[in-house]
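S.K.: Build me a model:
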Amino acid sequence: MQTTMISTAIRILIGDDHPLVTEGLSTLLSERKHLVIAGKAATGKEVLELVKTVPANVLLLDVNLPDMSGIDICLQSKKLCPELYILGLSNFSERSIILNMLHNGASGYLLKSVSIQEMVNAIEVVASGGIYLSKDAQQLLTHQEVFGPNEKPILTAREKEVLELIIQGLTSPQVATRLHISPLTVESHRKSLMQKFKANNAAVLVRKATEWGFA
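M.R.: Numbering: from 1, shown residues only. Coordinates of the predicted model:
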């Protein structure tokens, strides 16, 4: 894809829970005079707070933060700041993740294996209102196989922990005790899991999770 020339500085937010990635990106991108790192966050909650309070043009967003899925963060961020352009950044090269990110408002998707120059190109393209997909992402989206509505759900680290305990037969209070979180938080995660697996009860949730290999 062609590099788009930018005449004004692009303000960038980085949402990633790996310090080496965050600091590395900050250092390398800051070497470009037209790129400014406006803020960094390691959790979904922190990302949303940045989006609300820090003016920026582009959000580099990891799709798998500890407390929230990047797919959900993407949707909420666009609601908070419709003019913000979001570029998914991840090690995941799954078609369903890319489609869900784009469906929730992302303007592009990159694997973390791309070169810094390609990342700069992608930032410039989306900041100009364009769409940027890395070569791997393009190949996945143009693949002829249709996955349909039964694609594997994307879970946060905490949702995976809750799901594992539900599969073991623990009740919400027991899960709360085991994970040292409140029962209300467990119920929130349980509700999210039900939605992601399109399950109307715990039995269906466990069955589908087992079929997908989460058990």
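
S.K.: Now tell me which helix or strand of this protein has the poorest mean pLDDT.
M.R.: Across the helices and strands of the chain, mean confidence by mean pLDDT, DSSP states H and E is lowest for helix 135-141: a mean of 78.

S.K.: Counting by contacts, list what the next helix or strand after it packs against.
M.R.: With elements assigned by DSSP states H and E, the helix or strand that comes after helix 135-141 is helix 157-167. Counting contacts by 3 or more Cβ pairs under 8 Å, 6 or more residues apart in numbering; DSSP states H and E, helix 157-167 is packed against helix 172-179, helix 183-197, helix 202-211. Yep, even glycine has a C-beta here, placed from its N, CA and C like the rest.

S.K.: now the last one against helix 172-179, angle please.
M.R.: What it means is helix 202-211. On the basis of axes from the mean of the first three to the mean of the last three Cα atoms, to 10 degrees, helix 202-211 is oriented at 40 degrees to helix 172-179.

S.K.: Mind listing residues that contact helix 202-211?
M.R.: Here helix 202-211 makes contact (Cβ atoms under 8 Å, 6 or more residues apart in numbering) with 163, 166-167, 193-194, 197-199, 215.

S.K.: let's see it at 6 Å
M.R.: 163, 167, 197, 199, 215 (Cβ atoms under 6 Å, 6 or more residues apart in numbering).

S.K.: and the gap between the third one and Val186?
M.R.: As judged by Cβ to Cβ, to the nearest Å, Phe197 and Val186 stand 16 Å apart.

S.K.: chain center to the least confident helix or strand of the chain: distance?
M.R.: 17 Å (Cα atoms, centre = their mean, to the nearest Å).

S.K.: Take that helix, keep the C-alpha atoms, and write them as PDB.
M.R.: Output of helix 135-141 as PDB, limited to C-alpha atoms (Å, rounded to 0.1, in the frame of the first residue of the first chain):
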ATOM      1  CA  LYS A 135      -0.300  -8.600   3.700                       C
ATOM      2  CA  ASP A 136      -1.200 -11.500   6.000                       C
ATOM      3  CA  ALA A 137      -4.400  -9.900   7.000                       C
ATOM      4  CA  GLN A 138      -5.400  -9.300   3.400                       C
ATOM      5  CA  GLN A 139      -4.700 -12.900   2.500                       C
ATOM      6  CA  LEU A 140      -6.900 -14.100   5.400                       C
ATOM      7  CA  LEU A 141      -9.800 -11.800   4.400                       C
END
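
S.K.: Residues touching it, excluding its own?
M.R.: Contacts for helix 135-141 (Cβ under 6 Å, 6+ apart): 93, 95, 98, 109, 111.

S.K.: picking up where we left off before, out of the helices and strands packed on helix 157-167, the one nearest Gly70 is which?
M.R.: helix 183-197 (13.7 Å; Cβ to Cβ).

S.K.: tell me what the closest one is packed against?
M.R.: With contacts taken as 3 or more Cβ pairs under 6 Å, 6 or more residues apart in numbering; DSSP states H and E, helix 183-197 sits against helix 157-167, helix 172-179.
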